[in-house]
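S.K.: What shape does this take:
(2 chains)
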Amino acid sequence: MSELTTGSFSIGDLENVQITINNIVGAIDKQMEKSDEEMGPTPKPGVSSLRDWDHTIFERYNPIYTPMCDQCCYCTFGPCDLSGNKEGACGINLEAHNAREFMLRVMTGAAAHSGHGRHLLHHMIDLYGKDYPLDVGPTNIIAPNVQAVTGIKPETLGDLDIVLNYVEEQLTQLLAAVHAGQEGAAIDFESKAMHGGMIDHVGMEVSDIVQISCLGFPKSDANPPLADIGMGCIDPSKPNLIVIGHNVAAVTDIIDYMEDNDLSDKIELGGLCCTALDMTRYKMDGSAEDQVPKAKIIGSLAKELKMIRSGAPDVIVVDEQCIRADVLPEAQKLMIPVITTNDKVMYGLKDRSNDDVEDILADLTSGKEPGALLLDFEKVGEIAPRLAMMMSEIRKQKGIKALPTEEELKDQVDKCVHCLACEIACPDNLPISEAMKLAKEGDFTKFEWIHDKCIGCGRCEFACPKDIDIVNVIEKSSQKLIRNEIGKVRAGRGPISDPEIREEGVNLVLGTTPGIVAMVGCSNYPDGTKDLFDIAKEMLQRNYIVVVSGCSAMDLGMYKDEDGLTLYEKYPAKFKSGGLINVGSCVSNAHITAAVIKVAAIFAQKQVSGNYEELADYSLNRVGAVGVAWGAYSQKAASIGTGCSRLGIPVILGPHGSKYRRALIAKPYEDQKWNVYDARDGSEMKIPAAPEFLLTTCETIEEMMPMLAKSCIRPSDNNMGRMIKLTHYIELSQKYLGVMPDDWQNYVRMETDLPLAKRQELLKILEEEHGWEIDWKRKKILSGPVMKSDVSAQPTNLKRLCKEA
Amino acid sequence: MAEEYPFEISPMFEGERIRKDGMFVELSGPKSKGYELVRATPMDEIEDGKFTLIGPDLSEMEEGSRYPFAMIYKIAGELVEEDLESIVERRNHDFQNYIQGLMHLNQRYDVWIRVSKDAVGKGLTSFEPIAQAVMMLFKNELPFIEKVEAVYVTDLAEIEKEMDNVKAIYKSRDDRTRDLHDEDVDTFYGCSLCQSFAPSNVCVITPDRISLCGAINWFDGRAAAKVDPEGPQFAIPKGDVVDAESGEYSGVNEIAKSLSSGEYDRIKLHSFFEYPHTSCGCFEVVGFYIPEVDGIGWVDRDYAGTAPNGLPFSTMAGQTGGGKQVAGFLGVGINYFRSPKFIQSDGGWDRVVWMPKHLKDRVLSDIPADIADKVATEEDAPDLDSLRSFLTDKGHPIVERWEAEEEPEAEEEVQEEATFAAPAMMQAAMPMQGMPMMMPPSSGTGGVKIILKNAKVSIDKVIIQKKE
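M.R.: All right, here's what the predicted structure looks like:
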């Protein structure tokens, strides 16, 4: 039996017979047996397995809540008022309830990603079989998150099945804890949230490596092609087929059908949200330089309503995740048929999966049905393009008009009574009333200004007592702008390859790459896409590696500099100093944590399999990476961020992301919290307050810029690294806040940690203001620093890793 | 002392490019002449902080034009010596690029500098603040420089007059670097910078062995150790020669033991198999033993294919690194191929049998002429079979080793041939192999019952059950 494997076989004796074995009962055990990999202490950790690590983290980084609501409405014992330290009917207090709510959000996000992964995996196993090999480019660790958490080193699609079984079990166990009357300690809900976040990175990783392996996505490509992005890049004169969502499976059938039937040039295929990003990755691997992505990206969730309202789409296909819940009624108004393709989004439409293609087309073109649920992707592939061709004609003939005419626009504007209800409803409190005032005088420029910042949520329209279609007014006023909304975005490259990390090692060590800044999260930046551009540009110029994904990857491609170029066109796409990397869609975020795990595996030979805690400890003390979610923070984003927290990567939230009203903040002045062990002998060593938080909030970009630099400081920095990191921290503080930071001296261990150009000046400050002793002849610090500089020290939070322990 | 310069100084300006339309003047460069030079000078011959300009200053230059340009820095200090000149000189490039509005490219007599219009607009009208800033940075970073003086020249005749002398200085430095070997010095240098990521790695830097990352050579180590003897680069007294051939020294062994926290206690600097030098992970090339031909292959990061043993770079690189000593795999920097002591202990180049073509081309001039065409590449030998025949055909010195080993038992060859062929075969045929082996229906052993479902023309699914 030991020779029995899954796969396809031909047998000499039986002519033309091929046998495919998809599944062998007992294969899991075999997989574990054959692995000669040493196993860490926590393969497939349960809910409590990494609890000690979480508690170690929370001991320093205290969970802080500033609840938006002090009630609990989870069950009918209540609703319970938890204000003023009251307990609810089940005995829960406000702190624990808030931790529980947050954990539920994390799980929602994790479930969205791993549900997506499960769907993709089923589909791909169906198409290619369980033995289909995984291939993500040059690496020794195909799935770092999977391996670190579960101990499984997946090689085939079938191996991932086992991984998702584990993920699903964990999610079930976590969800069970939400039920009334159980966990009473906030800290343990927090630990469960961490577990959910970690699991999320496993689920995301599975999703993305499935599609990378099976759909010809770029495989760790350091120079992937550029794709067009923006509402302006869609040609409205062609039939428009618009896809919204995150799961590209059905879309690949559409692309294939269009190619096979010579429709690629005749139909404009555009996408919104991560499906769009993944469409541009489809069949983009290989070395052909002239490859052009097979679809265009319109933008993120923030563009969905605007795109539909433009009337340009002739057919809308949706799959799952960030899709507006009102796509169907909005589309219906403009006679745009909607095809739903995933059981997460069905909009009440009839299931036509088993019906005849011609019948379905007839029902949709006649308007008998506003849309259809089609779970058969082959049918989607055929129907969507054909429908787009047909609807384009029909809608033209019927003269479907979307946006208001100039006259109607004027009427709409004139209706405004400046009650400000819209501004209160607007998540960004945009000055709609003022724009209306100017528009009444014929000046629509303020609406253009609003357009860039508006995330098209439509809340203003519901608030308006005069029923003004405010979104339409904004969009109509900005037509000139929208026509020119054509940017560029790099197709998602997938993981960072091992060779790239090795090559970059020297820069990470010497500080020439001062850190890695991951821009994640959703749209809704306080100052529009320019915010992203400003952050990325500043950090890229300073040679940080900037990694983007999902919404931020798209939105970054929408802003151009004075030369008319996006940052993607100006900075290399390689994992190196000053490189701007788009890993891909939201599920590609797993490659960011994966890169951190790889750093530990490559440079410190840390065991990966089942060794999560040690890897997280390494990351927290050594790897200068920081995440920024400058826009909103969906449940998925919250879950991604929480996975980062458990791995020791700090995350900064913008004003919108802060609305879960939870943070993980340490107190730099609590001296005893900033001691770790030196793994060489188990002795205690002092470290600087770095990183200072695992999750915090910034109100403005100006406040955040220096914080980004500071968040890349780590206890184990050598002095070249510290010197550069400190240089950027001080410079960014001076540039954006106009002052020296008040804590820079806490990061100085010796004179070589000081920024080179300011060394003299800073030594003087240390002497005069902080009472440090300086040997001016040798320009050496004699006394003052509370920490020693010893690059050989091995800071760890885990006693068990110490030699003498 | 915090002088006000009419420009910002920050590493963030390092990547600043000044294009033609944004440039005020171009200095030196491919269409003009110039050089940069640092000279160790006796203390009493230097006036600290002095700046001299020979020729027109920035304010007298015409916008959009090109001028010759030379920069000479004289340095002095108790610890300053000639061997440090090139180290200081190289920093001129970094420091000038720190200055906003200044772009410095290349080195020595190839320097190419541009000053931006913006910088001039913001008040940069003279070369003096540039020289002052660079001198300040020199002294801040390299405190062994006690006095420094700068002379800038924009006068063509003056530059041309000195050019031959300057070139002679560069040449003598290069000769010294080339002719300096492990046996000529009594001090090596250690570098522990990468311990911030690779906790137990120690790089030993000798005249014949540049640091693994390629960033620090023996002279750099020397300079850094002078700046801060307790810093991350430090002197390693060579101690006694344990074995010159393999490069084992008692001093190195002692340091290895203490800095690796006892992980290992011997390092042979030029050995592949025994107590090899450790690596952190950023090595450019990994060497691997090929037991089937008893030779060593090398594969670099940029090579996307597989080596004759069927493995790609990333897989083999994963076997070593992290400051661990692993026999059979060795990470090195490309520069190490240029060392005259290149894996001397194991036969040097005579032991090298394979490397990717682009890597071989890169180091071709350093491969001894008599072996160069005997080292196979992926074009000659994609697998072990073809490698063996290539080596035999070309008469690679490794073949003699086989013969020496095979002599006692003539039969061994057959056996060996079979074993080395196996892995390559398995790679290609792996998925096919399992099935036929378990298929023979006649044997009836193994207790396997096969049910064929939907077996009309092709078979959709096979359920294999254990016989209860």
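
S.K.: need the contact list for the nearest residue to A:Ile432 once chain neighbours are set aside.
M.R.: With C-beta to C-beta, 6 or more residues apart in numbering or on different chains as the criterion, A:Ile432 has its nearest non-adjacent residue at 4.7 Å, and that residue is A:Cys422. In short, each C-beta sits where N, CA and C put it, glycine included. Neighbour list for A:Cys422: A:Ile432, A:Ser433, A:Cys460, A:Glu461, A:Ala463, A:Cys464, A:Ile470 [criterion: C-beta atoms under 8 Å, 6 or more residues apart in numbering or on different chains].

S.K.: my read: the first one touches A:Ile450, true?
M.R.: Read it as A:Ile432. Yes. The criterion here is C-beta atoms under 8 Å, and A:Ile432 meets it with A:Ile450 at 6.8 Å.

S.K.: Look up how far chain A lies from the residue nearest to the spatial centre of chain B.
M.R.: Taking C-alpha atoms, centre = their mean as the criterion, B:Gly214 is the residue nearest the geometric centre of chain B, at 3.0 Å. Relative to chain A, B:Gly214 is positioned 7 Å away (C-beta to the nearest C-beta, to the nearest Å).

S.K.: hang on, that residue packs against B:Phe337?
M.R.: No. With contact defined as C-beta under 8 Å, B:Gly214 does not reach B:Phe337; the gap is 11.4 Å.

S.K.: mind listing the helices in the stretch 501-650 of chain A by residue range?
M.R.: Per DSSP state H, counting those that start in this stretch, the stretch 501-650 of chain A carries helices over the ranges A:529-541, A:550-556, A:567-570, A:590-603, A:612-622, A:635-646.

S.K.: out of the ones you listed, nearest to chain B?
M.R.: Each of the helices of the stretch 501-650 of chain A was scored for nearness to chain B using C-beta to the nearest C-beta, and the closest is helix A:590-603 (4.0 Å).

S.K.: so what are the domain limits for chain A?
M.R.: Annotated domains of chain A cover A:35-47+A:64-211, A:226-398, A:407-468, A:488-783 [automatic domain parsing].

S.K.: Can you tell me the SS state at residue 88?
M.R.: All of this refers to chain A. Using DSSP: H, G, I helix; E, B strand; the rest coil, the structure places A:Gly88 in coil.

S.K.: Give me the nearest residue to it, chain neighbours excluded.
M.R.: Closest to A:Gly88 by C-beta to C-beta, 6+ apart is A:Cys80, at 3.4 Å.

S.K.: how many neighbours does that neighbour have?
M.R.: A total of 21 residues lie near A:Cys80 under the criterion other C-beta atoms under 10 Å in any protein chain shown.

S.K.: is it true that it touches A:Gly91?
M.R.: No. Using C-beta under 8 Å, A:Cys80 makes no contact with A:Gly91, being 10.0 Å away.

S.K.: one step back: quick one: contacts for the residue nearest to the residue nearest to the centre of chain B when sequence neighbours are not counted?
M.R.: Nearest residue to B:Gly214, sequence neighbours excluded (C-beta to C-beta, 6+ apart): B:Gly333, at 4.2 Å. B:Gly333 makes contact with B:Ile210, B:Ser211, B:Leu212, B:Cys213, B:Gly214, B:Phe283, B:Glu284, B:Val285, according to C-beta under 8 Å, 6+ apart.

S.K.: tell me the pLDDT at the fifth one?
M.R.: What it means is B:Gly214. pLDDT for B:Gly214: 78.

S.K.: For it, give me its contacts.
M.R.: With the criterion set at C-beta under 8 Å, 6+ apart, B:Gly214 makes contact with A:Val506, B:Glu284, B:Gly333, B:Ile334, B:Asn335.

S.K.: Need those in CSV (columns: pLDDT, distance to A:Asp260 and secondary structure).
M.R.: CSV is the format used below for the contacts of B:Gly214 (pLDDT from 0 to 100; distance: C-beta to C-beta, whole Å; DSSP: H, G, I helix; E, B strand; the rest coil):
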residue, pLDDT, distance to A:Asp260, secondary structure
A:Val506, 87, 48, helix
B:Glu284, 88, 45, coil
B:Gly333, 86, 50, coil
B:Ile334, 87, 47, helix
B:Asn335, 86, 53, helix
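
S.K.: Just the closest of the residues you listed to B:Glu82, please.
M.R.: B:Asn335 (22.8 Å; C-beta to C-beta).

S.K.: wait, the closest one sits on B:Cys213?
M.R.: No. Counting by C-beta under 8 Å, B:Asn335 stays clear of B:Cys213, with 10.0 Å between them.

S.K.: So if I had to pick from those two, which one is more boxed in?
M.R.: Neighbour totals were compared for B:Asn335 and B:Cys213, and B:Cys213 leads with 24 against 17 (other C-beta under 10 Å).

S.K.: wait, is that one part of a strand?
M.R.: No. Counting by three-state DSSP, B:Cys213 is located in no strand; its state is coil.

S.K.: Which of the contacts of B:Gly214 sits closest to B:Met23?
M.R.: Among the contacts of B:Gly214, A:Val506 lies closest to B:Met23 (C-beta to C-beta), at 31.5 Å.

S.K.: what's the neighbour count on the closest one?
M.R.: Neighbour count for A:Val506, taken as other C-beta under 10 Å: 24.

S.K.: Can you get me a residue count around B:Arg301?
M.R.: B:Arg301 has 23 nearby residues by other C-beta under 10 Å.

S.K.: so where's the chain uncertain?
M.R.: No chain specified, so I'll use chain A. Across chain A, residues meeting the criterion (pLDDT under 70) sit at A:1-37, A:286-290, A:805.

S.K.: you looked at the wrong chain, it should be chain B
M.R.: B:1-3, B:405-468.

S.K.: Now do the domain split for it, please.
M.R.: B:11-178, B:182-259, B:285-403.

S.K.: Distance of the residue of chain B found nearest chain A relative to B:Ala224?
M.R.: Nearest residue of chain B to chain A: B:Gly322, at 2.4 Å (C-beta to the nearest C-beta). Plainly put, B:Gly322 is 24 Å away from B:Ala224 if you go by C-beta to C-beta, to the nearest Å.

S.K.: again, but for A:Asn621
M.R.: From A:Asn621 to B:Ala224 the distance is 25 Å (C-beta to C-beta).

S.K.: so B:Ala150 is in which element?
M.R.: strand B:147-153 (DSSP states H and E).

S.K.: quick one: strands adjacent to that strand?
M.R.: Strand pairing for strand B:147-153, using DSSP bridges, gives strand B:51-54 (parallel), strand B:69-76 (antiparallel).

S.K.: nearest to A:Val317, of the ones you listed?
M.R.: Of the strands paired with strand B:147-153, nearest to A:Val317 by C-beta to C-beta is strand B:69-76, at 62.6 Å.
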